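> Sequence and predicted structure, then a few things I'm wondering about:
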Number of protein chains: 2
Amino acid sequence: MIGSDTMARLSDIIEEFIKTLLRESEGQLELQRNEMADYFECAPSQINYVLSTRFSPNQGYYIESRRGGGGYIRIIRLDVEKNDYLHYLLSEGIGIRITEKNALQIIKRLFEQGDILEKSAYLMKSAITDKAIMIPTNLKDNIRAGILKSMITAIITWNSKKV
Amino acid sequence: MIGSDTMARLSDIIEEFIKTLLRESEGQLELQRNEMADYFECAPSQINYVLSTRFSPNQGYYIESRRGGGGYIRIIRLDVEKNDYLHYLLSEGIGIRITEKNALQIIKRLFEQGDILEKSAYLMKSAITDKAIMIPTNLKDNIRAGILKSMITAIITWNSKKV
DNA sequence: ATTTTTGACCTTCTTTGACCTTCATATTAT
DNA sequence: ATAATATGAAGGTCAAAGAAGGTCAAAAAT
């Protein structure tokens, strides 16, 4: 198509670049935001944009970072194959709110499937009970969903982490 | 080089150095501030910085020092009985609200003391971060305190249940 | 209408250096 | 010999500078 030399969007290029790096580094890498921004001649915040739109847990990635001198951004590719059910829970299973009963069921199932040890199940349950979440009742299910998803992301991340 | 390992912070290196020394000396040691600063080629005050940000009483350490000729800095690791510390956290240590930073410090300490495994620490951290607790900022510290105390209660219960 | 790009402003953490306080010892004055 | 003083060797404090990353909204592009 003449004249439509669709310049690839920079965000897509950065996305690919990161994914290539990840392939070369067993699914885990650290980068400097400013270095990246420099390399791609873009605003530093564009790196955040790429990360938040293309590297969410939902999409199979987890981001850790630290500010200050010696700061970094760490990107971990989650092994969604091996953590099938866990990943399903994140992307569709849980949603924006969940009752105590449902949450407890999920945790029970995680234990029964061998995703977590009994002790971890016990710990997780303690974090999402109505008693633990001290806030007006109408909000508990929302908070619970956030905490449960965060814990599940942690489990997947742990399972995916390099030694 | 993008994606290469990030440089470790000097303060972290000094922290590890001291913790290793402590392990080799039954939890108590004396050092000379200038000697340390010399060894790590840093400003003497950086030693104080490391001590105050990483060896506070909350983090499980106690510092004594003397000035003048023959001066020294003594670092003492507080080795509390496991359950004593857990109960202390419930009764006074945590209170009705706690910041993310303090909560993370407590969990790190639980791991370093051998109260919990690294994986459990990782799970616990994921449950109490600001990101996990999706509610207006001014309420996060309250919710966090409730969840953390609930998890600590679970640890105590688990410890006493399994004989 | 939606996604991407940009930039102004913010927060966190670390490093550095100038200046201060304390203590032991050596020196000096009585 | 004793008391007062000077000296130097520690460690302490604090604020400024530096080094990251984060957020948010306006502007631009699709």
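Noted; the coordinates are in hand. Numbers count the residues shown, from 1 in each chain, chains lettered A, B, ... in the order given.
> Sort out which residues of stretch A:66-74 are buried, please.
Judged by neighbour count (16 or more other C-beta atoms under 10 Å in any protein chain shown), stretch A:66-74 contains these buried residues: A:72-73. For glycine as for every other residue, the C-beta is placed from the backbone atoms N, C-alpha and C.
> Please give the centre-to-centre distance between it and its chain.
Stretch A:66-74 has its C-alpha centroid displaced from the chain centroid by 18 Å (C-alpha atoms, centre = their mean, to the nearest Å).
> end to end, how far does it reach?
Length of stretch A:66-74, first residue to last, C-alpha to C-alpha, to the nearest Å: 9 Å.
> for stretch A:75-89, same thing?
So stretch A:75-89: terminal residues 21 Å apart, C-alpha to C-alpha.
> what helices or strands is the longest helix along chain A leaning on?
If you go by DSSP state H, chain A has its longest helix at helix A:137-160. In terms of contacts (3 or more C-beta pairs under 8 Å, 6 or more residues apart in numbering or on different chains; DSSP states H and E), helix A:137-160 is packed against strand A:61-66, strand A:72-77, helix A:84-88, helix A:100-112, helix A:118-128, helix B:118-128.
> Can you lay out these as CSV showing distance to DNA strand D and mean pLDDT?
CSV is the format used below for those (distance: least, C-beta to the nearest atom of the strand, whole Å; pLDDT from 0 to 100):
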stretch, distance to DNA strand D, mean pLDDT
strand A:61-66, 4, 98
strand A:72-77, 5, 98
helix A:84-88, 23, 97
helix A:100-112, 26, 98
helix A:118-128, 22, 98
helix B:118-128, 16, 98
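> With distance to DNA strand C as added columns, please give the ones you listed in JSON lines.
Shown next, in JSON lines, are the helices and strands packed on helix A:137-160 (distance: least, C-beta to the nearest atom of the strand, whole Å):
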{"stretch": "strand A:61-66", "distance to DNA strand C": "6"}
{"stretch": "strand A:72-77", "distance to DNA strand C": "11"}
{"stretch": "helix A:84-88", "distance to DNA strand C": "22"}
{"stretch": "helix A:100-112", "distance to DNA strand C": "30"}
{"stretch": "helix A:118-128", "distance to DNA strand C": "23"}
{"stretch": "helix B:118-128", "distance to DNA strand C": "13"}
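> Residue A:96 contacts residue A:148, doesn't it?
No: look at residue A:96 against residue A:148 with C-beta atoms under 8 Å: they stay out of range, at 11.4 Å.
> Okay, buried residues for the longest helix of chain A please.
A:140-158, A:160.
> Then stretch A:117-134?
Under the neighbour-count rule (16+ other C-beta under 10 Å), stretch A:117-134 has A:119-129, A:132-134 buried.
> contacting residues around that stretch?
Applying C-beta atoms under 8 Å, 6 or more residues apart in numbering or on different chains, the contact partners of stretch A:117-134 are A:100, A:103-104, A:107-108, A:110-111, A:116, A:137, A:140, A:143-144, A:147-148, A:151, A:155, B:119-120, B:123-124, B:127, B:142-143, B:146-147, B:149-151, B:153-155, B:157-158.
> repeat for stretch A:62-74
For stretch A:62-74, the surrounding residues in contact (C-beta under 8 Å, 6+ apart) are A:28-33, A:47, A:51, A:55, A:75-76, A:78, A:153, A:156-157, A:160, B:6-9, B:12.
> Restricted to buried residues, select the residues you listed in PyMOL.
Entered in PyMOL, the line below selects the buried ones among the contacts of stretch A:62-74, by 16+ other C-beta under 10 Å:
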select buried, (chain A and resi 29+30+31+32+33+47+51+55+75+76+78+153+156+157+160) or (chain B and resi 6+9)
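> gap between the residue most central in space within chain A and residue B:50?
Closest residue to the average C-alpha location of chain A: residue A:57 at 2.5 Å, with C-alpha atoms, centre = their mean. Distance, residue A:57 to residue B:50, by C-beta to C-beta, to the nearest Å: 33 Å.
> what's the answer for residue A:67, then?
Taking C-beta to C-beta, one finds residue A:67 at 18 Å from residue B:50.
> Contacts only, for residue A:36.
Contact analysis of residue A:36 by C-beta under 8 Å, 6+ apart lists A:14, A:44, A:47, B:2.
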